[in-house]
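**Q** Following is a predicted model, sequence given first.
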Amino acid sequence: MSAPTETVDAVVVGAGHNGLVAANLLADRGWHVLVLEAADQPGGAVRSDEISPGYTADLCSAFYPLGGASPVLAGLELERHGLRWLNAPRVLAHVLPDDRAAVLSRDLDETAASVEQFAPGDGDAWRAEAERFRGVSDQLINALFQPFPPVRAAAGLLGSLGVADALRFARFAVQPVKQYVSETFSGEGAKILLAGNALHTDLQPESAASSVFGWLLAMLGQFHGFPVPEGGAGALTGALVSRLEAAGGMLRCSEPVERVLVARGHAGGVRTASGALIQARKAVIADVAAPYLYRELVGEKHLPPRMVDDLNRFAWDNAIIKIDWALSDRVPWTAEEARRAGTVHLGVDLDGLTQYGADLARRRIPEHPFVLAGQMAVADPSRAPGNGESLWAYTHVPHGHDWKPGETERHADKVQALFEKHAPGFADRIVARRVLSTHAVTHGNPSLPEGVANLGTAAIHQQLFFRPVPGLGRADTPIDRLYLASASAHPGGGVHGGPGSNAAHSALKRNALGGSTYAALIRALNEQVYR
């Protein structure tokens, strides 16, 4: 008896936010789109649940500086499908070991005043950085979210800056963040805000290009905040699913894909684990990690040998462990500045970030962890009953660490001790605690190794046209009509929809008038890259 066969225009493998963005954009163009998700619910890293009755916890990602500024998500008008963005009164506070705190606020005067307290003149220096961002923000954000190379946006950026300033901006962009902040500021406050934001990635303070990551996140926070979806991260996924279904798209969960069907260099559909065959007339779009797509779903025999060799050099980002707490009351910070911040950094100062990064580079569990925390009820009171708090924290640990029995819990205890140190009485407010190990934090996602969040390192050697391997930096793959839509593709990690949008637009070009010429061009370029 033959396997059941279904035919659609496009099949999307994975219902993470990028897969859902791609599906929405294709459905808007009248395509018959089917999204297949291995888990029993959509969202991937953009999901929520209850840690205790009335306490909503985000399973992985939680606040969205890139999402709030993303032209991709804005263009989908998800507010029409129930999404509502909320911001905490203050964006971020970095609590130093001595309980001083530097504050990032959407009020420029407040941020400037905070960093000025650490060193005279730093307030004006921060204003100058904010003005620099204001002058390039539109072109820079457009460049980030467009397919590579972003010719039009890059030309606009060059036009805004001029040759002299563009050269200096390029130097700044590839600097280590520790070098950049040392050249620009005198006091610890501004330096730690920028360096701490850079370490939202897996980079170290001395890593090339960490400056632009820290600056971008800090300036997005300055002008847009770190918004959160009302009701939990799952509300963003819910809006994407609702919009997709309204546009005629379909979603099936608990339907893992076992193989992408490739014949004569073309992707023609997928086979599911249940044996069902889904034929795709126009595109197969994969929102999964690049190594999993190419090795497990496609198979190395369908790839150029040089690409297979490049995949052996693919670098994952550091892993994370995450702790959720349900608290009966808000966190009793000694540093008053932290009480109204949606995001809190704590644990180390600037030199401590260097030591933390060095421990990770040496594949050691950091003795003094840098902790990123989210006070979700400060931004969204619906996340906890009464004056309670739904708090989470995560910290990086080496990818591939061999965890001994009880070691994850002991590291979580160390993180909790930091909260008790800076917020005496913290432990007395705990209603419930959940520790997600490096395995649990990926929710059993078969495309991910344990604990990674960004589907590949953010280091410069694996960005732009090096992502996921040296190539075109586009969603197009060496397999015609197969497109990579996950954070393994340019522009990388974060919840912003860029990879999903790029994949959808590549598929649309391939199937538009002149699509054969487009396919021939991509094939010729790939032959040059992988010969």
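**A** That came through fine. Numbering: from 1, shown residues only.
**Q** which residues touch residue 36?
**A** Residues counted as contacts of residue 36 (Cβ atoms under 8 Å, 6 or more residues apart in numbering) are 11, 12, 13, 14, 15, 252, 255, 256, 257, 270, 272, 278. Where you see a C-beta, it was placed from the backbone N, CA and C, and this is true even at glycine.
**Q** if I look at the residue nearest to it when sequence neighbours are not counted, how far off is residue 95?
**A** In this structure, residue 36 finds its nearest non-sequential neighbour in residue 255, 4.6 Å apart by Cβ to Cβ, 6 or more residues apart in numbering. Here the criterion is Cβ to Cβ, to the nearest Å. By it, residue 255 lies 45 Å from residue 95.
**Q** Of these two, which one has the most company?
**A** Higher neighbour count among residue 255 and residue 95: residue 95, with 27 against 21, using other Cβ atoms under 10 Å.
**Q** you'd agree the more buried one is up against residue 348?
**A** No - using Cβ atoms under 8 Å, residue 95 makes no contact with residue 348, being 10.2 Å away.
**Q** quick one on the thing from earlier: and the pLDDT at the residue nearest to residue 36?
**A** What the model reports as pLDDT for residue 255 is 96.
**Q** Tell me how far it lies from residue 296.
**A** For residue 255, the distance to residue 296 equals 16 Å [Cβ to Cβ].
**Q** same check, this time on residue 131
**A** 48 Å.
**Q** same check, this time on residue 399
**A** For residue 399, the distance to residue 296 (Cβ to Cβ) stands at 19 Å.
**Q** Which one's more surrounded, those two?
**A** Using other Cβ under 10 Å, the more surrounded residue of residue 399 and residue 296 is residue 399, with 20 against 17.
**Q** how about residue 10, what does it touch?
**A** Residue 10 makes contacts with 23, 26, 31-34, 280-285, 507, as judged by Cβ under 8 Å, 6+ apart.
**Q** again, 7 Å this time
**A** By Cβ atoms under 7 Å, 6 or more residues apart in numbering, the residues touching residue 10 are 26, 31, 33, 280, 282, 283, 285, 507.
**Q** Report how many residues lie close to the third one.
**A** Residue crowding around residue 33 was assessed by other Cβ under 10 Å; the count is 29.
**Q** which one is it nearest to, not counting chain neighbours?
**A** Spatially, and ignoring its direct neighbours in sequence, residue 33 is nearest to residue 249 (4.3 Å; Cβ to Cβ, 6+ apart).
**Q** how about the one you found, what does it touch?
**A** 23, 24, 27, 33, 35.
**Q** Ok, residue 59 next?
**A** Counting by Cβ under 7 Å, 6+ apart, residue 59 has contacts 47, 48, 49, 443.
**Q** where's the dip in pLDDT among those residues?
**A** Across those, the smallest pLDDT goes to residue 443, namely 73.
**Q** in what helix or strand does residue 219 lie?
**A** Element membership of residue 219, judged by DSSP states H and E, is helix 210-224.
**Q** who's in contact with the next helix-or-strand element following that helix?
**A** For helix 210-224, the succeeding helix or strand toward the C-terminus, using DSSP H and E, is strand 228-229. Contacts to strand 228-229, defined as Cβ under 7 Å, 6+ apart, come from residues 62, 63, 64, 83, 85, 86, 235, 236, 342, 376, 379, 380.
**Q** at 6 Å instead, please
**A** 63, 83, 86, 235, 236, 379, 380 (Cβ atoms under 6 Å, 6 or more residues apart in numbering).
**Q** Domain map for this structure?
**A** Domain ranges of the chain: 5-38+255-315+454-530, 46-71+81-106+225-229+318-398+402-437, 108-215, per automatic domain parsing.
**Q** Ends of the longest one, what's the gap?
**A** So that's domain 46-71+81-106+225-229+318-398+402-437. Terminal residues of domain 46-71+81-106+225-229+318-398+402-437 lie 17 Å apart, using Cα to Cα, to the nearest Å.
**Q** Tell me the secondary structure at the closest residue to residue 442 other than its chain neighbours.
**A** Spatial nearest neighbour of residue 442, excluding adjacent residues (Cβ to Cβ, 6+ apart): residue 448 at 4.5 Å. Under DSSP: H, G, I helix; E, B strand; the rest coil, the three-state class of residue 448 is coil.
**Q** Near residue 448, how many residues? Count them for me, please.
**A** By other Cβ under 10 Å, 22 other residues sit near residue 448.
**Q** ok so, going back, could you list every helix and strand in contact with the helix holding residue 219?
**A** Helix 210-224 sits against helix 65-69, helix 177-184, helix 188-198, with contacts defined as 3 or more Cβ pairs under 6 Å, 6 or more residues apart in numbering; DSSP states H and E.
**Q** Check what contacts the host helix or strand of residue 410 and list those residues.
**A** Per DSSP H and E, residue 410 falls inside helix 407-422. Under the criterion Cβ under 6 Å, 6+ apart, residues 95, 321, 323, 334, 346, 347, 371, 393, 426, 427, 435, 437 lie in contact with helix 407-422.
**Q** if you set the cut-off to 8 Å instead, what comes out?
**A** Here helix 407-422 makes contact (Cβ under 8 Å, 6+ apart) with 95, 99, 321, 323, 331, 333-335, 338, 346-347, 365, 369, 371, 373, 393, 395, 397, 426-427, 433, 435, 437-438.
**Q** Let me see the ranges of the strands in the stretch 401-531 of the chain.
**A** Under the criterion DSSP state E, counting those that start in this stretch, the stretch 401-531 of the chain contains strands at 430-436, 482-484.
**Q** List the residues that contact residue 291.
**A** 311, 314, 468, 488 are the contacts of residue 291 under Cβ under 8 Å, 6+ apart.
**Q** can you rerun that using 6 Å?
**A** Each residue near residue 291 by Cβ under 6 Å, 6+ apart is listed here: 311, 314.
**Q** chain center to the helix or strand harbouring it, what's the gap?
**A** Remark: residue 291 resides in helix 290-291, with elements defined by DSSP H and E. Helix 290-291 sits 17 Å away from the centroid of its parent chain (Cα atoms, centre = their mean, to the nearest Å).
**Q** What of stretch 101-114?
**A** The answer for stretch 101-114 is 25 Å, by Cα atoms, centre = their mean.
**Q** what's the first-to-last distance across it?
**A** The first-to-last residue distance of stretch 101-114 comes to 8 Å (Cα to Cα).
**Q** Outside of that stretch itself, list whatever touches it.
**A** Outside of stretch 101-114, the residues within contact range by Cβ under 6 Å, 6+ apart are 90-95, 123, 126-127, 130, 189, 192-193, 221, 225, 335, 337-338.
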